[in-house]
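[1] What would the 3D arrangement of this be:
(chains A and B)
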There are 2 protein chains.
Amino acid sequence: MLSPAHLAFAAAFLLVFRSSAPAAAARPIFDGKPSPSEATATARWLAAQNTWGVLSTISSDLSGAPFGNVVSYSDGVPGEGRGIPYFYLTTLDPTARDALEDERTSFTLSEFPLGTCGKIDPENPTCAKLTLNGKLKMVDLQSSEADLAKLALFTKHAEMKDWPKNHHFKIFKLEIENIFLIDWFGGPKPISPSQYLEFGRNQSVMSS
Amino acid sequence: MLSPAHLAFAAAFLLVFRSSAPAAAARPIFDGKPSPSEATATARWLAAQNTWGVLSTISSDLSGAPFGNVVSYSDGVPGEGRGIPYFYLTTLDPTARDALEDERTSFTLSEFPLGTCGKIDPENPTCAKLTLNGKLKMVDLQSSEADLAKLALFTKHAEMKDWPKNHHFKIFKLEIENIFLIDWFGGPKPISPSQYLEFGRNQSVMSS
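    Down below sits the predicted model:
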């Protein structure tokens, strides 16, 4: 007999068949997580619920090898996330330095630390994973966007506002160009940046 | 007055001064975590305690941009970790395909999901972060190393052994060439791959 884990993986990477989720879920859906068939909602939920992830850049210190670094982020104050991840980085750290030389960046989030995967393995496709690829850009500190980004960051990461001024932290954002989401059977879900960014504009679905 | 967060960051990125940790910790040390002054022990502890992380490759689908992906791993059965991360990957997923074209890979772990950072922010340098850079290599399935790796993986990730055979999962390992650890004040700690791999060979410090 096939185990639930076997069933979960059985079509996980069949990239050709991007069917919607089966009616009967092989695992329970917790705590406001959108249905796996709602790919865009799931991606935005992952971005709204997590507080940290891994930013991967092209490393100048390591001759162009990829370099992943743990960072905190926010896509908005709780309940008002807009999907764009903002970061508070210093060029004393390699990630910001790399991005200033080569903007190409990947930002990766897992559902696992949210606790909603239960006993499902972090690599199992029903434990959702989101990778946002694009360009990591510095935000002009004098802009209204920077004010919103600071509010978004400092609300979710209260200690940031006390981080030392002489480290010259700057606000960065990821300009999203490619979205890779796995949240169920059938391989990555096709989501365009505009679908992702426009999702929920007139709804209040991004509960904190 | 300076807050603990401010103090924690005050010397966080002073890359020139790689002093050992101050005698008095600004945050409590939990659950068998080595002292921040024991950099190699801390790196091995992070590798032994975590069960998943982010593998970043040079993406062939995205014209050489970095691509981070959530993966499970194991560095050994609990209590016997050796520091080398083993993975169970299929070429139906982009990470394994990327690595077969360009082996340069970064593997990133955070202390945060272990629960031992308490209320400290995931980006605060006292919440440890480990990035292992090197080459992602396929392990010969007929080798004794593959037997050990399978035991290591299937012990920590029981469902893997039931993952579908027709997805042709293979065992990969990271051959570590560069180690980036931040676990306290003073920027990344200098740890060589041999220090990291040889640590604890004659001790039983890697408690599960």
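[2] Residue A:94: what's it in contact with?
    Residue A:94 makes contact with A:57, A:59-61, A:67, A:69, B:180, according to Cβ atoms under 8 Å, 6 or more residues apart in numbering or on different chains. In short, each C-beta sits where N, CA and C put it, glycine included.
[3] And the pLDDT for it?
    Looking at residue A:94, its pLDDT stands at 97.
[4] in chain A, which spans are helices?
    Assigned by DSSP state H, chain A shows helices spanning A:4-10, A:39-49, A:94-101, A:144-156, A:193-198.
[5] Please identify the most buried of the ones you listed.
    helix A:39-49 (a mean of 24; mean count of other Cβ atoms under 10 Å in any protein chain shown).
[6] and the contacts of residue A:94, which are buried?
    Neighbour counting over the contacts of residue A:94 (16 or more other Cβ atoms under 10 Å in any protein chain shown) leaves A:57, A:59-60, A:67, A:69, B:180 as the buried ones.
[7] before we move on, the earlier item: now the weakest link among the helices of chain A, please, by mean pLDDT.
    helix A:4-10 (a mean of 43).
[8] Surely residue A:46 touches residue A:128?
    Yes: between residue A:46 and residue A:128 a contact is recorded at 5.9 Å, counting by Cβ atoms under 8 Å.
[9] shared neighbours of those two, anything?
    Shared contacts of residue A:46 and residue A:128, counting by Cβ under 8 Å, 6+ apart, come down to A:111, A:181.
[10] Which of the buried ones among the contacts of residue A:94 sits closest to residue A:191?
    Among those, residue A:57 lies closest to residue A:191 (Cβ to Cβ), at 22.8 Å.
[11] Excluding sequence neighbours, find me the nearest residue to residue A:150.
    Of all residues not flanking residue A:150 in the chain, residue A:171 sits nearest, at 6.7 Å (Cβ to Cβ, 6 or more residues apart in numbering or on different chains).
[12] got it, and residue A:120?
    residue A:127 (4.8 Å).
[13] give the contact list for the one you found.
    Residue A:127 makes contact with A:110-112, A:117, A:120-121 under the criterion Cβ under 8 Å, 6+ apart.
[14] And the residues you listed, which of them are buried?
    Using 16+ other Cβ under 10 Å, the buried ones in those are A:110-112, A:117, A:120-121.
[15] could you redo those residues as TSV and give each row pLDDT?
    Shown next, in TSV, are these (pLDDT from 0 to 100):
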residue	pLDDT
A:110	98
A:111	98
A:112	98
A:117	96
A:120	97
A:121	98
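[16] Sort out which of those residues are in strands and list them.
    residue A:110 (DSSP state E).
[17] hang on, the earlier thing: take the buried ones among the contacts of residue A:94 and lay them out in JSON lines including distance to residue A:97 and pLDDT.
    Shown next, in JSON lines, are the buried ones among the contacts of residue A:94 (distance: Cβ to Cβ, whole Å; pLDDT from 0 to 100):
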{"residue": "A:57", "distance to residue A:97": "9", "pLDDT": "98"}
{"residue": "A:59", "distance to residue A:97": "9", "pLDDT": "98"}
{"residue": "A:60", "distance to residue A:97": "7", "pLDDT": "97"}
{"residue": "A:67", "distance to residue A:97": "10", "pLDDT": "98"}
{"residue": "A:69", "distance to residue A:97": "11", "pLDDT": "98"}
{"residue": "B:180", "distance to residue A:97": "13", "pLDDT": "98"}
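[18] Can you tell me which of those residues end up in strands?
    Here DSSP E is the test, and these give A:57, A:67, A:69, B:180 as lying in strands.
[19] Grab the nearest non-local neighbour of the last one.
    Right, the one you point to is residue B:180. Per Cβ to Cβ, 6+ apart, closest to residue B:180 is residue B:131, 4.1 Å.
[20] List of residues touching stretch A:136-152?
    Residues contacting stretch A:136-152 (Cβ under 8 Å, 6+ apart): A:55, A:57, A:74-77, A:86-87, A:99-100, A:103, A:105, A:170-175.
[21] how long is it end to end?
    End-to-end distance of stretch A:136-152 (Cα to Cα, to the nearest Å): 17 Å.
[22] how far out from the middle of the chain is stretch A:70-82?
    Its chain's average C-alpha position is 9 Å from that of stretch A:70-82, according to Cα atoms, centre = their mean, to the nearest Å.
[23] Please name the residues that touch residue A:154.
    Taking Cβ under 8 Å, 6+ apart as the criterion, residue A:154 is in contact with A:160-161.
[24] mind checking pLDDT for residue A:201?
    For residue A:201, the model assigns a pLDDT of 84.
[25] any idea how far chain B is from it?
    Distance, residue A:201 to chain B, using Cβ to the nearest Cβ, to the nearest Å: 27 Å.
[26] Residue A:182 too?
    8 Å.
[27] Then residue A:66?
    For residue A:66, the distance to chain B - Cβ to the nearest Cβ - is 4 Å.
[28] That residue bridge partners, please.
    residue A:58 (DSSP bridges).
[29] Check whether it really touches residue B:106, as I assumed.
    Yes: with contact defined as Cβ under 8 Å, residue A:66 reaches residue B:106; the gap is 4.7 Å.
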